[in-house]
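# just need the structure, nothing else, for what follows:
(chains A and B)
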Protein chains: 2
Amino acid sequence: MNEHIVKSFEEELNQLAAEVVRMGGLAEAQVQEAIGAFSRRDVPLAQAIVGRDEKLDALEADIERSAIRLIALRQPMANDLRRAMAAMKIAMNLERCGDLAKNIAKRTQILAESDPAGPVTRSIERMGKLVAARLKEVLDAYTASEVDRAVAVWTRDTEVDEHYESLFRELLTYMMGDPRMITPGAHLLFVAKNLERIGDHATNIAEIVHYEITGREIVSERPKMDALTQ
Amino acid sequence: MNEHIVKSFEEELNQLAAEVVRMGGLAEAQVQEAIGAFSRRDVPLAQAIVGRDEKLDALEADIERSAIRLIALRQPMANDLRRAMAAMKIAMNLERCGDLAKNIAKRTQILAESDPAGPVTRSIERMGKLVAARLKEVLDAYTASEVDRAVAVWTRDTEVDEHYESLFRELLTYMMGDPRMITPGAHLLFVAKNLERIGDHATNIAEIVHYEITGREIVSERPKMDALTQ
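This next block holds a predicted model:
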């Protein structure tokens, strides 16, 4: 392969990564705004978030198409193949984060009618901020190709699980205290679960970044809680 | 390309599809057994299901590796590329079905201690059977490359959503009737949600099969309910 082709392949890979970073910024914004809309029961913002989700779907499809075209036409070597695959897989995880943000926004519209933001909402908001920070951190790790930062996100995975477990109990207590809280409580349970799943996607992205850079799976350094992470 | 190479490429694609069919059989079994374990509160079976999930993870990784290797080394034409991509994407959806079956099995172990199988469990079981049948049908469509059967699964998507919406209301009523049912009710809500998500994966697989065979997206023929499908 002559240098001109090698150069332009490298450029294409960089462009692909830049697309992923751009999609990451949008997904991050969707998650952060969904948490904000939920905390303030901001229905117009929630509607805007639902409307913007299509953009993430389109970006994911674009990134997948570009990655597969690169793989098919360029027959990349191992490390370049990892870069193209990482772009595709991160885009998939971001698309799902977008779906979860959209779902939080939809539930916000229901909750706005039945459940004024109270102490439980504050707890969920705190968990949301933790999860959004993890997503931001792992996307920064991807952008800067810093494997240590990705590993740091990955090792703190249990924080979100613990937060979720305690939220789960808090929510049940809230529902037991007043039967009228059962319906909004069910939606709040799903909001909390959606946030936990966004946290799982941040963990997945950390694993992808680690594999992209090192070519090895993240070693199991921390005990994994046997949580109901689904 | 000489005929020998073309032949062996075709063979490799067939082998890849056979792997997906095998994985599909396993995922289907995991889902069906999870529903059975849940309905009978069968803890030993639930434990066995959790233990078997690793196999699906390994199969997905194998299929992805094979598909990407085929794409990278063979520079396939459009329709062969679609076949390799379909294999990879169906495997992803099956892996997630396996995760959801595992989660139902985990919740079964918790429910076995607190919630005897009653009328709500029967309702969830019915939804489970509907979802398992959809998954089976779409995998049969993939195996036989029958686009009409895939479209048939896809057009009946709303059945599962409607079932879920009615289950959601039934579960809330169940929880309102007796505060001691709130904790098991929360787990039952998530079991129902997991089944709905398995149904979504069956719909995704139908879309993938349609695109694999026709090269076109499924046209939007049916109105999509604005359900909280997450």
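# what about chain A, any weak spots by pLDDT?
Across chain A, residues meeting the criterion (pLDDT under 70) sit at A:1-7, A:220-230.
# and the helices in it?
According to DSSP state H, chain A carries its helices in the segments A:3-40, A:43-74, A:78-114, A:119-144, A:147-155, A:157-177, A:182-214.
# the closest residue to residue A:67 other than its chain neighbours: neighbouring residues, count only.
With sequence-adjacent residues excluded and distances taken as Cβ to Cβ, 6 or more residues apart in numbering or on different chains, residue A:67 is closest to residue A:88, at 4.1 Å. Yep, even glycine has a C-beta here, placed from its N, CA and C like the rest. Burial of residue A:88 is recorded as 23 neighbouring residues (other Cβ atoms under 10 Å in any protein chain shown).
# please apply the same query to residue A:210.
So residue A:210, with other Cβ under 10 Å, has 22 neighbours.
# would you confirm that it contacts residue A:152?
No. Taking contacts as Cβ atoms under 8 Å, residue A:210 lies outside contact range of residue A:152: 10.9 Å.
# who's in contact with residue A:147?
Residue A:147 is in contact with A:141, A:209-210, A:213-214, counting by Cβ atoms under 8 Å, 6 or more residues apart in numbering or on different chains.
# which among those residues count as buried?
A:141, A:209-210, A:213 (16 or more other Cβ atoms under 10 Å in any protein chain shown).
# and the closest residue to residue A:203 other than its chain neighbours, how far is that from chain B?
With Cβ to Cβ, 6+ apart as the criterion, residue A:203 has its nearest non-adjacent residue at 4.8 Å, and that residue is residue A:157. According to Cβ to the nearest Cβ, to the nearest Å, residue A:157 stands 16 Å off from chain B.
# return the residues of chain A in contact with chain B.
Contact residues (Cβ under 8 Å from any Cβ of the partner chain) of chain A with chain B: A:68, A:71-73, A:75-76, A:81, A:85, A:92, A:99-100, A:102-103, A:106-107, A:168, A:171-172, A:175-176, A:179, A:182-183, A:186, A:189-190, A:193-194, A:226, A:228-230.
# sorry, back to before: list the contacts of the residue nearest to residue A:67.
Residue A:88 touches A:63-64, A:67-68, counting by Cβ under 8 Å, 6+ apart.
# and residue A:36, by the same measure?
A:42, A:45.
# one more time with 6 Å, if that's ok
Applying Cβ atoms under 6 Å, 6 or more residues apart in numbering or on different chains to residue A:36 gives no contacts.
# gap between stretch A:75-87 and the chain center?
22 Å (Cα atoms, centre = their mean, to the nearest Å).
# only alpha carbons, please: show it as PDB.
Output in PDB follows, covering the C-alpha atoms of stretch A:75-87 (Å, rounded to 0.1, in the frame of the first residue of the first chain):
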ATOM      1  CA  GLN A  75      -9.100  -4.800   4.800                       C
ATOM      2  CA  PRO A  76      -7.600  -3.100   7.800                       C
ATOM      3  CA  MET A  77      -4.900  -4.500  10.000                       C
ATOM      4  CA  ALA A  78      -5.700  -5.600  13.600                       C
ATOM      5  CA  ASN A  79      -5.400  -2.200  15.300                       C
ATOM      6  CA  ASP A  80      -7.300  -0.300  12.600                       C
ATOM      7  CA  LEU A  81     -10.000  -2.900  12.600                       C
ATOM      8  CA  ARG A  82     -10.300  -2.400  16.300                       C
ATOM      9  CA  ARG A  83     -10.700   1.300  15.800                       C
ATOM     10  CA  ALA A  84     -13.500   0.900  13.200                       C
ATOM     11  CA  MET A  85     -15.300  -1.700  15.400                       C
ATOM     12  CA  ALA A  86     -15.000   0.500  18.500                       C
ATOM     13  CA  ALA A  87     -16.600   3.400  16.600                       C
END
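# ok, and what's touching that stretch?
A:13, A:16-17, A:20, A:63, A:67, A:70-71, A:208, A:212, B:72.
# okay, those residues in CSV with distance to residue A:145 and neighbour count next?
Shown next, in CSV, are the contacts of stretch A:75-87 (distance: Cβ to Cβ, whole Å; neighbours: other Cβ atoms under 10 Å in any protein chain shown):
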residue, distance to residue A:145, neighbour count
A:13, 12, 20
A:16, 14, 22
A:17, 9, 20
A:20, 12, 25
A:63, 17, 25
A:67, 17, 24
A:70, 18, 23
A:71, 20, 22
A:208, 12, 23
A:212, 8, 23
B:72, 22, 21
